[in-house]
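K.L.:
Please find the sequence and the predicted model below.
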Amino acid sequence: MKNCAVLLCFCFILIFSGCSDGYRVEEDTANEQPREIQIGMSFDSFVIERWQRDRDVFVATANDLGAEVNVQNASGDMDEQVRQIEYFIDKQMDAIVIIGIDSEKLSSVVKKAKEKGIKVIAYDRLIKNADVDLYISFDNEAVGKMMATAFVENGLTKGKVLMFCGPMTDNNVSMIDKGFQSVIKKYKIEVVDMLHADNWRAEETRKYVNEHSDVVKEVDAIMCGNDSLAGQTIYALAEQRLAGKIMVVGQDADLEACQRIVEGTQLMTVYKPVAKLAQTAAEDTIKLVLGKELEQTTFMNDGTYDVPYIALETIAVNAKNLEEIIINSGFHQKEDVFLNVPEKMPK
């Protein structure tokens, strides 16, 4: 009987020891934190002013939603951007967001990422023939139409224009051109010449104005693909005492562009709510990683595939509505916009 009692006691201890160990394991599992979502983000470069704003809003939004973002800058080097994306693939990122340098040359590395189960988002610029999980941008054809309409509304019909565009490797450039051309053809406006600034290098427009002053003096207006190109164009026009005499338009609503509008040397710019774009992109990137459906998407053909597409609206900004659109929204401060012409600053 004594031996039986000892045996029963020993079994009793084993049973409760096992229950105790099982409880600890269950508790550890319950307290285990879910893995943080990892997002790789490769920028073309930060030459364009707005990209820094896009980066900051995207990263802040993603962080708030529990994701970590690794930002890389390719500095306009196509091979470097491919290396960055391959690095993200090797790091087994959950998603890769790309502001592409060349819309044609990224398809292979994007397909490689998708084969690994990584979600790929084409940010602002479409990547051709790649079947990305999402393309999110602005309505770029509308941007071109707004630029041309600004000329027409300022009295330009049957006139002559120069077009200073970005590189054709940027798919947005052809879309803006399409929109611009669709308007000017109706008013028989002649395109005298067209420049494509390699990698958006603004100094190329300044060089053109200086070297082709005879052509420049014949035109009524210059369409610039962004405000950086417009800035160098106007700088060169000022050297020839033509600033303010030849209409110039751009896009992005950079601070200096808004300053030029109130000064009278730039006719208009296109305001693109980049904060909304970056925030929406961050939210939708995380939705894709979590397997959730996206809302309000249409489709755009990338040359081979129909890919989900989100297009945000833009607003044409000129001297009449700049205060309402730019200043009242907090995009730029009134004191900064009117820095060079304080006497024009509204009270």
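P.N.:
Cool, got the structure. Numbering: from 1, shown residues only.
K.L.:
ok, and what's touching the helix or strand harbouring V161?
P.N.:
With elements taken from DSSP states H and E, the one containing V161 is strand 160-165. Contacting residues not belonging to strand 160-165 are listed as 151, 173, 176-177, 180, 184, 189-197, 205, 208, 215-216, 218-225, 229-230, 233 [C-beta atoms under 8 Å, 6 or more residues apart in numbering]. C-beta coordinates here come from the backbone N, C-alpha and C atoms, glycine included.
K.L.:
pLDDT of that strand, averaged?
P.N.:
The predicted model gives strand 160-165 an average pLDDT of 98.
K.L.:
Skip ahead from that strand and say which helix or strand is next.
P.N.:
Helices and strands here follow DSSP H and E; after strand 160-165, the next one along the chain is helix 171-184.
K.L.:
how much does the next helix-or-strand element following that following helix deviate in direction from strand 160-165?
P.N.:
Moving toward the C-terminus from helix 171-184, the first helix or strand encountered (DSSP H and E) is strand 190-196. Angle between the axes of strand 190-196 and strand 160-165 is 20 degrees (criterion: axes from the mean of the first three to the mean of the last three C-alpha atoms, to 10 degrees).
K.L.:
Tell me the buried residues in strand 190-196?
P.N.:
Under the neighbour-count criterion of 16 or more other C-beta atoms under 10 Å, strand 190-196 has V191, V192, L195, H196 buried.
K.L.:
hmm, back to that, quick one, the strand holding V161 and helix 171-184 angle?
P.N.:
If you take the same axes, to 10 degrees, strand 160-165 sits at 170 degrees to helix 171-184.
K.L.:
Sheet partners, orientation included, of strand 160-165?
P.N.:
strand 190-196 (parallel), strand 221-224 (parallel) (DSSP bridges).
K.L.:
Put together a markdown table for these, with mean pLDDT and distance to D102 on each row.
P.N.:
Written out in a markdown table, the entries for these read as follows (pLDDT from 0 to 100; distance: least, C-beta to C-beta, whole Å):
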| stretch | mean pLDDT | distance to D102 |
| --- | --- | --- |
| strand 190-196 | 98 | 13 |
| strand 221-224 | 98 | 21 |
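K.L.:
Helices of the stretch 151-300 of the chain, residue ranges please.
P.N.:
Across the stretch 151-300 of the chain, reading from the start of the chain, the helices by DSSP state H, counting those that start in this stretch fall at 171-184, 203-211, 213-216, 227-239, 255-263, 274-289.
K.L.:
Could you dump those helices into JSON lines with distance to E86 and mean neighbour count added?
P.N.:
Rendered in JSON lines, the data for these read as follows (distance: least, C-beta to C-beta, whole Å; neighbours: other C-beta atoms under 10 Å):
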{"stretch": "helix 171-184", "distance to E86": "22", "mean neighbour count": "20"}
{"stretch": "helix 203-211", "distance to E86": "31", "mean neighbour count": "18"}
{"stretch": "helix 213-216", "distance to E86": "44", "mean neighbour count": "14"}
{"stretch": "helix 227-239", "distance to E86": "30", "mean neighbour count": "23"}
{"stretch": "helix 255-263", "distance to E86": "36", "mean neighbour count": "22"}
{"stretch": "helix 274-289", "distance to E86": "19", "mean neighbour count": "21"}
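K.L.:
possible to save the ones you listed as JSON lines with mean pLDDT?
P.N.:
What follows is the helices of the stretch 151-300 of the chain, written out as JSON lines (pLDDT from 0 to 100):
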{"stretch": "helix 171-184", "mean pLDDT": "97"}
{"stretch": "helix 203-211", "mean pLDDT": "97"}
{"stretch": "helix 213-216", "mean pLDDT": "96"}
{"stretch": "helix 227-239", "mean pLDDT": "98"}
{"stretch": "helix 255-263", "mean pLDDT": "98"}
{"stretch": "helix 274-289", "mean pLDDT": "97"}
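K.L.:
out of those, which comes closest to A60?
P.N.:
Nearest to A60, of all the helices of the stretch 151-300 of the chain, is helix 274-289, at 8.3 Å by C-beta to C-beta.
K.L.:
Okay, now the unreliable bits of the protein?
P.N.:
Within the chain, the stretches with pLDDT under 70 are 1-34.
K.L.:
what are the ranges of the strands in it?
P.N.:
Under the criterion DSSP state E, the chain carries strands at the ranges 37-43, 67-73, 95-98, 119-123, 134-138, 160-165, 190-196, 221-224, 247-249, 269-271, 298-301, 306-312, 315-317.
K.L.:
would you list those in CSV and tack on distance to E86?
P.N.:
Compiled in CSV, these are given as follows (distance: least, C-beta to C-beta, whole Å):
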stretch, distance to E86
strand 37-43, 10
strand 67-73, 11
strand 95-98, 10
strand 119-123, 13
strand 134-138, 21
strand 160-165, 30
strand 190-196, 28
strand 221-224, 35
strand 247-249, 39
strand 269-271, 35
strand 298-301, 26
strand 306-312, 22
strand 315-317, 38
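K.L.:
so what's the backbone phi/psi at the closest residue in space to E104 that isn't next to it in sequence?
P.N.:
In space, E104 comes closest to K128 once its chain neighbours are excluded; the distance is 5.3 Å by C-beta to C-beta, 6 or more residues apart in numbering. Note on K128: backbone dihedrals following degrees, to the nearest 10 are phi -80, psi 150.
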